[in-house]
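K.L.:
pasted the sequence and its predicted model underneath.
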Amino acid sequence: MWSSSALSHLTCDEQKPFCSNCEKYGSSCEYPRLRSAVAPEVALSPTALDTPSSTQSSVVGRLHNDGIGSQELLADIAHMRLLHHFTTVTAKTLAHEPEAADIFISYIPKIAFENPFVLHAILSLTALHLSRSESAQRADYLLRARRHHQIALTQFRSEVKDISETNLPAVLIFNAFLFPYTCAMSASSTDLEDAFESIFSNLLVTRMVGPLIQASGRYDYMRQSELGRIMPKDVHSVTWDKAKAPDETELVQLRKFADVIHHIYHPEINEAYREAIRLLELLFDATGRLSKPPSDSLLRIWIHFVPSRFVELLSERQPGALIIFAHYGVILGKGRQYWFLDGIDELILAIADAFVPTEWKNWLDWPKEQIRACYPMAHE
């Protein structure tokens, strides 16, 4: 599936194929004819149908006299379509529990209008969602998703330096949208280098929010707020920083792997791998005790708690880190009821299989068996 080859309104300045202003702010640069600027009430009138040229001329002239160009109007329409799809379709796919759906449908868009980086995050994820259902426009939606995501990241990094009562909801929403975006966008890649870089860069952004919230002392405040309703109950099933690994686990081979590398690596590397494995065992145990599929919030919690040293080793594509990451891919596959997790387990396995040296590949046998069992047709 994937190869391992190398990896306010603005006026259009009419540079092709995309003008610099449109490229910077994520607008759709299409160089429309003047017909595109006809006002809806005029376009639907009998007069407009009988004498299009004279009517269009007067309307376009009036729009330009008011300082509004046809390009800006089309960009606004494109954004409105994305926002409409979010509130009517995409938002419902993000709520793990039905009673929290109204938070995604109404509360989150309200926060987005006050925080542009959240609005761009919404538009980005919605464009990705549409790319799955409208194959004819897939490339266009993927481009829009990347543009809005980049704007969102840039604005977030420049505007959020610490957490306050005022910006806490926006920061939490932005962070919650990063995970589904990362999974869905990475799975759309045909290049493993690009896919890994996408996953890893957004993993870093996701991890930086947690310490900010803890340092602010506002986590309990958030849980009691309206936004706290979107936090699934299964997230609180384990005390992640204190719980002991279960006596029995599916990850038998991974435990053997930890014993083998104990004699190979420096103690601080062994400790990073052991802690990452312990947290993964807790996650497998927690999901195994659920009566229904796990929430995406539960599945991504491993990213927040793994040691920083493990993240460094993963960034260096160390075999041990990639093998553990492949096992994490298996647990992500348990959440495939979410459209944005569809195929992410296969992708992570493909990344590990491509970058892990041949002499280490036998440690990938268990995740391969688990993932292939879920996609038997793809491997026949």
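P.N.:
Arrived safely. Numbering: from 1, shown residues only.

K.L.:
isn't R300 right up against T206?
P.N.:
Yes - between R300 and T206 there is a contact under CB atoms under 8 Å: 7.2 Å. All C-beta spots, glycine's among them, are computed from the backbone N, C-alpha and C.

K.L.:
which neighbours do these two have in common?
P.N.:
Residues touching both R300 and T206 (CB atoms under 8 Å, 6 or more residues apart in numbering): F179.

K.L.:
which of those two has more neighbours?
P.N.:
R300 (23 against 18; other CB atoms under 10 Å).

K.L.:
now the more buried one: closest residue in space that isn't a chain neighbour?
P.N.:
Excluding the flanking residues, the one nearest R300 by CB to CB, 6 or more residues apart in numbering is F179, at 4.7 Å.

K.L.:
how about F113, what does it touch?
P.N.:
F113 touches L119, counting by CB under 8 Å, 6+ apart.

K.L.:
pick out the residue nearest the middle of this protein.
P.N.:
The centre of the chain sits closest to Y181, judged by CA atoms, centre = their mean, with a distance of 1.6 Å.

K.L.:
and W240, backbone torsions?
P.N.:
Note on W240: its backbone torsions stand at phi -60, psi -30 [degrees, to the nearest 10].

K.L.:
got a pLDDT number for it?
P.N.:
Per-residue pLDDT puts W240 at 78.

K.L.:
and it, how many neighbours?
P.N.:
Look at W240: counted by other CB under 10 Å, it has 17 neighbours.

K.L.:
V306 is in contact with that one, correct?
P.N.:
No - if you go by CB under 8 Å, W240 and V306 don't touch, sitting 10.4 Å apart.

K.L.:
now list whatever residues contact both of those two.
P.N.:
Shared contacts of W240 and V306 (CB under 8 Å, 6+ apart): L279.

K.L.:
L313 versus L341, what's the distance?
P.N.:
24 Å (CB to CB, to the nearest Å).

K.L.:
does D342 touch P180 like I think?
P.N.:
No - the pair D342 / P180 is not scored as a contact, 11.0 Å apart, by CB under 8 Å.

K.L.:
give me the more crowded residue out of those two.
P.N.:
Higher neighbour count among D342 and P180: P180, with 23 against 16, using other CB under 10 Å.

K.L.:
any idea which helix or strand comes after the host helix or strand of the more buried one?
P.N.:
Using DSSP states H and E, P180 maps to helix 168-187. As assigned by DSSP H and E, the chain's next helix or strand after helix 168-187 is helix 192-216.

K.L.:
nearest residue to S198 other than its sequence neighbours?
P.N.:
S186 (4.6 Å).

K.L.:
what distance do you get for the one you found to E316?
P.N.:
Applying CB to CB to S186 and E316 gives a distance of 19 Å.

K.L.:
who's more crowded, these two?
P.N.:
Between S186 and E316, counted using other CB under 10 Å, the more crowded position is S186 (24 against 9).

K.L.:
could you list every residue that touches the residue nearest to the centre of the chain?
P.N.:
Here Y181 is in contact with A121, S124, L125, L128, A145, H149, N202, F340 (CB under 8 Å, 6+ apart).

K.L.:
outline the domain layout of the protein.
P.N.:
As recorded under automatic domain parsing, the domains making up the chain are 32-68, 74-231, 243-379.

K.L.:
let's have those domains in a markdown table, adding mean pLDDT.
P.N.:
Below are those laid out as a markdown table (pLDDT from 0 to 100):
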| stretch | mean pLDDT |
| --- | --- |
| domain 32-68 | 42 |
| domain 74-231 | 88 |
| domain 243-379 | 91 |
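
K.L.:
neighbour-wise, which one of the contacts of Y181 leads?
P.N.:
Neighbour max across these (other CB under 10 Å) = A121, 29 neighbours.
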